[in-house]
Every structure is written in structure tokens, then in C-alpha cells.
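> Show me how the following folds:
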Amino acid sequence: MQGVLTGFAVIAVVIGVGYVIGLRGYLGVHGREVLTKLAFHVASPALLFTTLAQTDLSVIFSSRLLVTALSTAAAAGVFAAVGVARHWGTGRTTIGALCSSYVNSGNLGIPIAVYVLGDASLVAPVLLFQLIGVTPIALTILDLSGEGEKGPLWRRLLTPLRNPIAVGSLAGVAVSAAGVKVPAPVLDPLTLIGGMSVPAVLLAFGISLCGSTMPGRGPERQPVFLSVALKSVGQPAVAWALAAGVFGLRGAPLLDVVVTSALPAAQNLYTYASSYGVGERLARDSILLSTVISVPVLVVVAALLG
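A predicted model of the protein is given here:
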């Protein structure tokens, strides 16, 4: 428990430093964008590759992955059912279902896995499941719904394979599966680059908090509050029930799966909403509100299960 709370304290301090940097304008108007791109395109793929290349694959392909898949389906399914009943539209309902279940495994998941759970590879199952399983399905639904931007279906389905974090993760899994030992001259520079991932992400997140407006207002209020409730409480509750009651997980494995399920909605969901021109405010407000609420939720989870 002490280590878990210390990990959250470290994260909070770095986010606070990022907030001060944004407030003072030390990195200019594009500071957050540069840090985010550095983490997304370079540092995080390097971190996940070096971690997964040296990880036992049983950690990834275990009952945790099934718990993640089932809890994701449960949260998304509830929102979809309500969306159909309330006639929110296919595109809007799809974005809301994603905001209810698609966790921020890259930006916040990696720092929390490193500093709170002690192992970056623990976020790999949810990350790979979302990028390879959930994303193609959601984008296909958005394409077939006829809303927003149109494009070749094959290009949409290949979206996850153009994601640098997915590529880094899959490369690491492939190296581990093949039993290849990465030479030190290759591994050491990647490890050094990967070390930038966590601080860059946390500083960028702190900068993004400057000037944020209050979410959950206007016509999107009901879907926003529903998606945030499902993401912040519903999904981790289902994950806990499945992990403890069905799969018999206890101790650290139980904490790992519930913490990853309690992560807030992923920021790239706003990119999907913007690309299709549907549910943009729903995505933006859900991401911001679930991110703020995730802090006390994660602390409570750590206190109860840590």
C-alpha cells in the first residue's frame, strides 16, 4: 500500500510541475504538443519494445486479458443499449461506447504501470487488445454508419498497425516469442530513449490542465455523465467482480487488472470523433471528466486492494 501511494504521489508531483510549466509558458505555445508527440512516436514505443522483448509472454496472454475484454464489452454494451433506446444515433453512440470503455493505456497507463504497479508490461494486454481488437471494430461501425469522413475500409482497418505504440508493442512481443536476445548496443539506446516516455507524458498532461473549462454542460450532458460513470465506476467494478469472483485473482494480479480498468478514457478517442465529425464534444468532455475523476478512483482502488 505504501509503495502504491508513493507511486501516485510521484505522478502527482510531475503533473504539478507540468502545470506550472504551462502556467508560466516555459515551453511556449507548442510545448504540450511537442512532448506528446515525443512520447507517442518515439519514447513510448521504445519503452514498450524494450520491456516486452524481455518479458515472459504468459504475463500478457493470461486471464487478465480475458477480464479486460469482458469488462470492456460490458461497459460499452451498457452505453450502446442506452444510446439505442434514447436514439442518440449510431456514430454518437459508438463514440460514447468507446469513451465508456476504452482506457488511456498509453499516456497514463504506462506511467501508472511503471510507478504504481512496478512493471510497464502489465499495461500491454489492454493496450494490444484495444488497438488490435476494439479500434478496427469501432472504426468499421463509424464507416458503415455513413457519418463524417469517409475513406477506404481497408485503410481504417489497418489504423492500429500505423500506431507507433502498437508497432513497438508487437515488435517486443515478436522478439520475446522468438526467444531472441537483443544485443546491448541496440537495447541500451532504446532503453535510454524509453526513459523519456513517462516524464514527457506526465508533463504534457500537467500542461494540458491549464485553462481547462468545466465539462458536462450543454446538450451532451446526459451521454457524458453516463460514459464517465461507466468508465470510472462501472468498468473497474465489473473487472473486480470478474477477476476476484470468476478467475480467483488475489493480491497484485487483482490490483493490476482493476487499476488498468479504472484508467480514464483515452485521448485518441477525440481524434476519432474529430475525423468522423461526430460526438466531438461528447468525446472531449468525457475524456477530461473521466481523467479528473480517475485520480480519486485509483487512490481508492489502491487503498482497498494494494
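> so what's Asn163 closest to, chain neighbours aside?
Excluding the flanking residues, the one nearest Asn163 by C-beta to C-beta, 6 or more residues apart in numbering is Leu131, at 5.8 Å. For glycine as for every other residue, the C-beta is placed from the backbone atoms N, C-alpha and C.
> which ones are touching the one you found?
Leu131 is in contact with 160, 163, 165-166, 169, counting by C-beta atoms under 8 Å, 6 or more residues apart in numbering.
> Out of these, the closest to Val299 would be?
Ile165 (26.1 Å; C-beta to C-beta).
> Tell me how many other residues crowd that closest one.
Residues within reach of Ile165, counting by other C-beta atoms under 10 Å, total 25.
> ok, back up a step: make CSV from the contacts of Leu131 and add distance to Ala138 and pLDDT to it.
Converted to CSV, the contacts of Leu131 look like this (distance: C-beta to C-beta, whole Å; pLDDT from 0 to 100):
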residue, distance to Ala138, pLDDT
Pro160, 11, 60
Asn163, 14, 70
Ile165, 17, 74
Ala166, 15, 73
Ser169, 19, 80
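> from those residues, which is closest to Phe205?
Set against Phe205, the nearest of the contacts of Leu131 by C-beta to C-beta is Ile165 (16.1 Å).
> Quick check, pLDDT for the residue lying closest to Pro45 once chain neighbours are set aside.
Nearest non-adjacent residue to Pro45, counting by C-beta to C-beta, 6+ apart: Gly168, 2.9 Å away. Gly168 carries a pLDDT value of 85.
> so which of the contacts of Leu131 would you say is closest to Ala73?
When those are compared for distance to Ala73 (C-beta to C-beta), Pro160 wins out at 18.0 Å.
> how close does the residue nearest to Asn163 get to Ser145?
According to C-beta to C-beta, to the nearest Å, Leu131 and Ser145 sit 21 Å apart.
> Output the contacting helices and strands for the helix or strand containing Leu144.
Assessed by DSSP states H and E, Leu144 sits inside helix 135-145. Applying 3 or more C-beta pairs under 8 Å, 6 or more residues apart in numbering; DSSP states H and E, one finds that helix 135-145 contacts helix 90-101, helix 153-157, helix 268-276.
> if you set the cut-off to 10 Å instead, what comes out?
Contacts defined by 3 or more C-beta pairs under 10 Å, 6 or more residues apart in numbering; DSSP states H and E place helix 135-145 against helix 63-85, helix 90-101, helix 153-157, helix 268-276.
> Go through it and flag the buried ones.
Across helix 135-145, burial judged by 16 or more other C-beta atoms under 10 Å covers 135-136, 138-139, 141-143, 145.
> For those residues, give me CSV that also has distance to Phe61 and pLDDT.
Formatted as CSV, the buried residues of helix 135-145 follow (distance: C-beta to C-beta, whole Å; pLDDT from 0 to 100):
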residue, distance to Phe61, pLDDT
Thr135, 19, 77
Pro136, 19, 71
Ala138, 23, 84
Leu139, 24, 75
Ile141, 27, 83
Leu142, 29, 80
Asp143, 30, 73
Ser145, 33, 73
